[in-house]
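1. attaching a predicted model along with its sequence, questions to come.
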Amino acid sequence: AQSVTQPDIHITVSEGASLELRCNYSYGATPYLFWYVQSPGQGLQLLLKYFSGDTLVQGIKGFEAEFKRSQSSFNLRKPSVHWSDAAEYFCAVALNTDKLIFGTGTRLQVFP
Amino acid sequence: GAVVSQHPSRVICKSGTSVKIECRSLDFQATTMFWYRQFPKQSLMLMATSNEGSKATYEQGVEKDKFLINHASLTLSTLTVTSAHPEDSSFYICSAQTSGGLYNEQFFGPGTRLTVL
């Protein structure tokens, strides 16, 4: 069955530390890949997306993600986390349609 | 970027009543809108896809008679939870989709918290 897995439910990091959020998908073909951030009171915001081409994708707010076909992964990274990055992060995929399938999310907590 | 609003942001109702949630694209026209449901600490689950002027397409397991969707214009879609029960309590999120291009990006509303007593 098609699925998106985010293995880490909750991650805590210190401000200034590096961050990596994991995402794996299970599909027969390479889907379109997305990372969204959800902050309280705000709609989901698209951080970055991968359709094809360069497997290292740059997004907003200093985030980047790397698509690894061999591992069916699309991990999100940031070299130095800011307190304002505390939020819920969702990986999502779309396969030839506009329907998004979301992972279960990773809650990021940032300590000063 | 494109802005999507939802109203109300929070609603509490008694069991058996109906609740209407509005989703508006404020600065663009959306031919397609999506409705999602999010349970606490869980992912967003797509409920239905609505296209302006036509009937909504519901995902498997979603009761179309309970969750009525109307997409009367290119900027407004409504979700009505009919005869709401406590198990319908959830966070409902809509998204509006632009058209054209390789992939039509969805822009999300801030969500509506429904509590059924």
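-> Nice, thanks for sending it over. Numbers count the residues shown, from 1 in each chain, chains lettered A, B, ... in the order given.

2. next one: phi and psi at the residue nearest the centre of chain A?
-> Centroid-nearest residue in chain A: A:Trp35, 3.7 Å away (criterion: C-alpha atoms, centre = their mean). Per-residue torsions, A:Trp35: phi -130, psi 130 (degrees, to the nearest 10).

3. isn't it up against A:Glu64?
-> No: A:Trp35 is beyond contact range of A:Glu64, at 9.7 Å (criterion: C-beta atoms under 8 Å). All C-beta atoms are positioned from the backbone trio N, CA, C, and that covers glycine.

4. find residues that contact each of these two.
-> Counting by C-beta atoms under 8 Å, 6 or more residues apart in numbering or on different chains, the residues touching both A:Trp35 and A:Glu64 are A:48, A:76.

5. hang on, the earlier thing: separation between the residue nearest to the centre of chain A and A:Gln58?
-> Taking C-beta to C-beta, to the nearest Å as the measure, A:Trp35 falls 12 Å from A:Gln58.

6. could you find the closest non-adjacent residue to the residue nearest to the centre of chain A?
-> Closest residue to A:Trp35 apart from its sequence neighbours, by C-beta to C-beta, 6 or more residues apart in numbering or on different chains: A:Leu47 at 4.4 Å.

7. likewise B:Gln97?
-> Closest residue to B:Gln97 apart from its sequence neighbours, by C-beta to C-beta, 6+ apart: B:Thr32 at 4.3 Å.

8. which ones are touching the one you found?
-> A:98, B:49-52, B:96-97, B:99, B:104.

9. ranking those by neighbours, who comes first?
-> Counting by other C-beta atoms under 10 Å in any protein chain shown, B:Ala96 has the largest number of neighbours within the contacts of B:Thr32, with 28 neighbours.

10. tell me which element that one is part of?
-> strand B:90-97 (DSSP states H and E).

11. off-centre distance for that strand?
-> 4 Å (C-alpha atoms, centre = their mean, to the nearest Å).

12. who touches the helix or strand just after it?
-> Under the assignment DSSP H and E, the closest C-terminal helix or strand after strand B:90-97 is strand B:106-108. Identification of contacts with strand B:106-108 by C-beta under 8 Å, 6+ apart yields A:36, A:43-45, A:98, A:100, B:1-4, B:25, B:28, B:34, B:93-98.

13. only whichever of the residues you listed are buried, select them in ChimeraX.
-> Here is the ChimeraX command that picks out the buried ones among these, judged by 16 or more other C-beta atoms under 10 Å in any protein chain shown:
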select /A:36,43,44,45,98,100 /B:4,25,28,34,93,94,95,96,97,98
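
14. ok so, going back, what bridges to the residue nearest to B:Gln97?
-> When bridges are called by DSSP bridges, B:Thr32 pairs up with B:Asn51, B:Gln97.

15. rewinding a little: give me the common contacts of A:Trp35 and A:Gln58.
-> Joint contacts of A:Trp35 and A:Gln58 (C-beta under 8 Å, 6+ apart) are A:Leu48.

16. give me the number of residues near whichever residue of chain B sits closest to chain A?
-> Residue of chain B nearest chain A, by C-beta to the nearest C-beta: B:Phe108 (3.7 Å). B:Phe108: 24 surrounding residues under other C-beta under 10 Å.

17. separation between it and B:Val116?
-> Following C-beta to C-beta, the distance that separates B:Phe108 from B:Val116 is 23 Å.
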